[in-house]
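Q: 3D model of this:
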Amino acid sequence: MVEKLSTEHAATVQWLPYLLRPDMPEQGQAVPAAVRVKAGQVGSRLKQLAQAAGLPMVTPEWMSNPRLAHEATEYAREQGKANEFHRVVFRLYYGEGQDIGSWSVLIDAAREAGLDPDSLQREVQTGRFTPLVDQYIAEAHELGINSVPTYILNDRYAIVGAQPYAVFQQAVLRLSAESPDQSALKDV
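A: Residues are numbered from 1 along each chain as shown. Purely as a prediction, here's the structure:
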């Protein structure tokens, strides 16, 4: 949906990291029963939105710690493949329920996105991307972001949660009227 928006309205998209649960153990954890109940309540709406966009969606039984995936995405950004990598990682987690905190899953994602998986793992393991991811997360907190997804348009408007395409389209059209030169969309 975000890709469609950027194509139709010449909006640039930048995916940014955020830790919804900063206390998540490094290895992740099973989804608690209370979260499964809540996911069931909102899950049908999200699945409808995903289905309308032609995307598979499952309710993962395992909550991954996304730190490695965020740092791997920064590697992918350097290689000009951030959107491709991000799209694969999203599908693996939300469409297939795989653990995106696992190196084996991230290596498969790197291959699929056209990245060198050995280089990705080696570069991420150096810790080189940790300060950048920390900086993005701190900026999200400063902006008051506390849920995902949150979409920030031209650093002026925020769209919180999974919304129908028409909501994004209306926001971009409003921004285009105000500033026809550019539209920038950040997804946290």
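Q: so who does residue 139 touch?
A: By Cβ atoms under 8 Å, 6 or more residues apart in numbering, residue 139 lies in contact with residue 16. All C-beta spots, glycine's among them, are computed from the backbone N, C-alpha and C.
Q: where does it sit relative to residue 133, distance-wise?
A: Distance of residue 139 to residue 133, computed by Cβ to Cβ, to the nearest Å: 11 Å.
Q: Repeat that for residue 4.
A: 27 Å.
Q: who has more neighbours, these two?
A: residue 133 (21 against 12; other Cβ atoms under 10 Å).
Q: which residues touch the more buried one?
A: Residue 133 touches 17, 67, 70-71, 74, counting by Cβ under 8 Å, 6+ apart.
Q: Mind listing what's buried along the helix or strand harbouring residue 140?
A: Element membership of residue 140 [criterion: DSSP states H and E] is helix 130-142. Residues of helix 130-142 classed as buried: 133, 136-137, 140 (neighbour count, 16 or more other Cβ atoms under 10 Å).
Q: Can you name the next helix or strand after it?
A: strand 150-153.
Q: What helices and strands are in contact with that next one?
A: Applying 3 or more Cβ pairs under 8 Å, 6 or more residues apart in numbering; DSSP states H and E, one finds that strand 150-153 makes contact with strand 157-160, helix 165-178, strand 183-187.
Q: would you put the C-alpha positions of that strand in CSV?
A: Once non-C-alpha atoms are left out, strand 150-153 reads as follows in CSV (Å, rounded to 0.1, in the frame of the first residue of the first chain):
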residue,chain,number,x,y,z
THR,A,150,2.7,5.2,12.7
TYR,A,151,3.1,7.0,9.4
ILE,A,152,4.6,10.5,9.5
LEU,A,153,3.9,12.6,6.4
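Q: how about residue 147, what does it touch?
A: With Cβ under 8 Å, 6+ apart, residue 147 has these contacts: 20, 160-161.
Q: Let me know the closest of these to residue 171.
A: Each of the contacts of residue 147 was scored against residue 171 by Cβ to Cβ, and residue 160 proved nearest at 11.8 Å.
Q: can you pull the pLDDT of the closest residue in space to the closest one that isn't next to it in sequence?
A: Closest residue to residue 160 in three dimensions, ignoring its sequence neighbours and counting by Cβ to Cβ, 6 or more residues apart in numbering: residue 150, at 5.1 Å. As predicted, residue 150 sits at a pLDDT of 81.
Q: ok, the nearest residue to residue 157 once chain neighbours are set aside - how many residues close by?
A: Spatial nearest neighbour of residue 157, excluding adjacent residues (Cβ to Cβ, 6+ apart): residue 171 at 5.6 Å. Residue 171 has 23 neighbours, counted by other Cβ under 10 Å.
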